[in-house]
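Q: need coordinates for the following:
(one chain, ligands or ions: 1)
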Amino acid sequence: MKTEKLGQSHMHISSQESPPDSKSTYGQSHMRMSSQESPPDSKSTYGQSHTCVRPQEARLLIGTRGSKLALAQANLVSDLLARNGVRTEIKIIKTSGDTFTDRPLHEVKGFGVFVREIDDTMLAGEIDIAVHSMKDVPTERPGELTIAAVMKRDSPYDFLLTRDGIKLKDLPEGAVIGTTSLRRRAQLLRYRPDLMIKDLRGNIDTRLRKLKEGQYDGILLAEAGLERMKWDIQGERLDPDNFVPSANQGTVVIVTKKDSQAERAVRVLDDENTWIETRIERIIIGILGGGCLVPIGAFAKRQGDRIHVRTEVLSVDGKRHVKIDEFINPDEYELEAARIGSELKQKGGGELIDEAVRMFTAKRGKHG
Ligand SMILES: NCc1[nH]cc(CCC(=O)O)c1CC(=O)O
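A: Now for the predicted structure:
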């Protein structure tokens with residue numbers, strides 16, 4: 001296990017590798033490990049907690065945000081289910097993350113700002129399936145709901161778009177880069193402390209427009225979003241050694257009520273390899289805590305008969321970080337993920353997390 005110590009500068013000790021192909025080829029069949037992120041004791045009350053009992057031949061209702069990316073994801077799931085004989089209908093649900101687009105996400109109250117209202121609609125029995133970008137789904141979940149399927153991972157990497165195709169290392173001194181992600185901000189400043197990082201909110205099309213309008217020299221976003229929108233835009237895929245992705249980045253997840261017809265219907269879409277990679281990442285960030293208030297990267301990638309795990313916590317200014325980069329045995333992946341999360345926390349990650357949360361809380365106190 002290789003750990004970089006907390007300090008002012010770091011010799012990167014992992015072998016620099018170009019990002020591997022992000023498509024996994026792992027086997028399809030699998031024994032489902034415990035998927036419970038919430039206590040396994042709560043039994044679903046599906047069908048008992050609401051009056052609207054729909055006839056059996058009714059379509060399953062898919063709940064989703066209304067952004068172009070979210071709709072692209074929901075339509076993909078609907079099409080795949082149709083190919084498996086499952087009829088669905090899509091219902092758009094507005095979330096607080098979509099409402100407050102004028103501020104950084106970490107300043108929108110509470111966790112799961114893109115998920116909470118959709119969870120509530122499912123708990124009320126008004127939808128059967130929810131399709132989310134998995135990285136937006138908090139690790140703390142309502143006991144009645146379950147992650148019923150994790151789709152095969154798209155690109156997990158961050159992607160830099162610049163107006164004239166300049167690479168990150170060649171950007172001029174003080175170039176303005178748009179992102180509102182605390183993780184991307186800290187990782188950018190670690191790599192190029194001279195850069196000016198400017199908040200950038202809004203859906204993908206809004207961000208692209210702001211780049212074209214000249215408000216930024218570059219913008220940083222998830223490559224998966226561009227893939228799913230089928231936008232073939234030239235840019236630079238950032239190396240996961242320097243830009244460890246957000247936990248579960250590039251993954252679409254399907255949530256249903258436990259023990260429901262919907263849970264059984266969507267199971268066919270589950271991808272074993274992505275299930276394991278994203279579970280490792282969620283165990284790690286679940287142990288670290290801090291939610292979206294702290295610059296944390298967590299990335300697990302199956303490579304042959306091993307799983308490469310990279311995870312790090314950074315200070316908000318990118319000047320300090322602590323990182324673990326190692327290969328683990330897939331047979332013990334849950335235990336190994338818990339060990340890594342605990343070690344990262346003990347080796348300085350906990351202090352950086354507390355510092356970031358204190359900083360945010362103080363800032364929120366000042367601005368109300
Ligand atoms: N709320 C931000 C968010 N949630 C999921 C994605 C991208 C798609 C994915 O990671 O699956 C994005 C945009 C971004 O990070 O650029």
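Q: in the stretch 1-150 of the chain, which residue sits nearest the ligand?
A: residue 133 (3.3 Å; CB to the nearest ligand atom). To be clear about C-beta, it is placed using only N, CA and C from the backbone, and glycine gets the same treatment.
Q: now do the same contact list for that residue.
A: Residue 133 sits next to 69-70, 73, 114, 248, 251-253 when contact means CB atoms under 8 Å, 6 or more residues apart in numbering.
Q: most neighbours among those, which one?
A: residue 248 (28 neighbours; other CB atoms under 10 Å).
Q: just the contacts of residue 133: which are in strands?
A: 252-253 (DSSP state E).
Q: near the ligand, from the contacts of residue 133?
A: 114, 251 (CB under 6 Å from any ligand atom).
Q: give me the lowest-pLDDT entry from the contacts of residue 133.
A: Within the contacts of residue 133, residue 114 has the lowest pLDDT, namely 82.
Q: what are the ranges of the helices in the protein?
A: Here the chain has its helices, by DSSP state H, at 68-83, 96-99, 116-123, 182-191, 204-212, 223-228, 261-266, 272-288, 333-344, 350-367.
Q: can you redo the ones you listed as a markdown table with distance to residue 160?
A: Listed next are the helices of the chain as a markdown table, based on distance: least, CB to CB, whole Å:
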| stretch | distance to residue 160 |
| --- | --- |
| helix 68-83 | 18 |
| helix 96-99 | 23 |
| helix 116-123 | 30 |
| helix 182-191 | 9 |
| helix 204-212 | 11 |
| helix 223-228 | 10 |
| helix 261-266 | 34 |
| helix 272-288 | 22 |
| helix 333-344 | 26 |
| helix 350-367 | 24 |
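Q: where among the ones you listed is average confidence lowest?
A: helix 96-99 (a mean of 78).
Q: in that helix, what's buried?
A: 96-98 (16 or more other CB atoms under 10 Å).
Q: kindly report the same for stretch 166-176.
A: In stretch 166-176, counting by 16+ other CB under 10 Å, buried: 168, 171, 175-176.
Q: what residues does that stretch touch?
A: Taking CB under 8 Å, 6+ apart as the rule, stretch 166-176 contacts 160, 162, 177, 191-192, 194-198, 215-218, 236, 238.
Q: sorry, back to before: the buried residues of stretch 166-176 in strands, which ones?
A: residue 176.
Q: go through the buried residues of stretch 166-176 and name the one nearest residue 336.
A: residue 168 (31.8 Å; CB to CB).
Q: and the one residue sitting closest to the centre of the chain, what does it touch?
A: Centroid-nearest residue in the chain, with CA atoms, centre = their mean: residue 135, separated by 1.9 Å. Counting by CB under 8 Å, 6+ apart, residue 135 makes contact with 246-249, 251.
Q: who in the chain is up against the ligand?
A: Close to the ligand, as judged by CB under 6 Å from any ligand atom, the chain has residues 114, 133, 135-136, 221-222, 224-225, 249-251.
Q: returning to that earlier point: just put the contacts of residue 133 in CSV and tack on distance to residue 301.
A: Shown next, in CSV, are the contacts of residue 133 (distance: CB to CB, whole Å):
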residue, distance to residue 301
69, 23
70, 25
73, 21
114, 25
248, 13
251, 12
252, 17
253, 18
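Q: for the contacts of residue 133, which one is nearest residue 232?
A: Of the contacts of residue 133, the one sitting nearest to residue 232 (CB to CB) turns out to be residue 69, at 15.7 Å.
Q: how close does that closest one get to residue 133?
A: As defined by CB to CB, to the nearest Å, residue 69 lies at a distance of 7 Å from residue 133.
Q: also residue 148?
A: For residue 148 relative to residue 133 (CB to CB), the value is 16 Å.
Q: ok, residue 71 next?
A: Using CB to CB, residue 71 is found at 12 Å from residue 133.
Q: where does pLDDT dip in the stretch 51-200 of the chain?
A: 51-57, 105, 107-111 (pLDDT under 70).
Q: residues near residue 237, how many?
A: 15.
Q: and what of residue 213?
A: 9.
Q: can you check what pLDDT the model gives it?
A: Per-residue confidence (pLDDT) for residue 213: 95.
Q: over to residue 232?
A: pLDDT, residue 232: 88.
Q: distance-wise, check the closest residue to it other than its chain neighbours relative to residue 72.
A: Leaving aside its sequence neighbours, residue 232 sits nearest to residue 226 (CB to CB, 6 or more residues apart in numbering; 8.0 Å). Going from residue 226 to residue 72 by CB to CB gives 11 Å.
Q: ok, now residue 150?
A: 18 Å.
Q: what about those two, which has more around it?
A: Set side by side, residue 150 and residue 72 show more neighbours around residue 150, with 24 against 18, by other CB under 10 Å.
Q: residues contacting the more buried one?
A: Counted by CB under 8 Å, 6+ apart, residue 150 has contacts 134, 251-254, 270-271, 274-275, 278.
Q: can you rerun that using 6 Å?
A: For residue 150, the contacting residues are 253, 270, 274-275, 278, by CB atoms under 6 Å, 6 or more residues apart in numbering.
Q: what pairs with it across the strands?
A: Beta-bridge partners recorded for residue 150 (DSSP bridges): residue 253.
Q: do the one 10 residues further on as well
A: On DSSP bridges, the residues paired with residue 160 through beta bridges are residue 220, residue 236.
Q: can you give me the neighbour number for it?
A: 22.
Q: ok, now residue 202?
A: Neighbour number of residue 202 under other CB under 10 Å is 15.
Q: and it, how close does it get to residue 236?
A: For residue 202 relative to residue 236 (CB to CB), the value is 21 Å.
Q: what do you get for residue 343?
A: In terms of CB to CB, residue 343 sits 32 Å off from residue 236.
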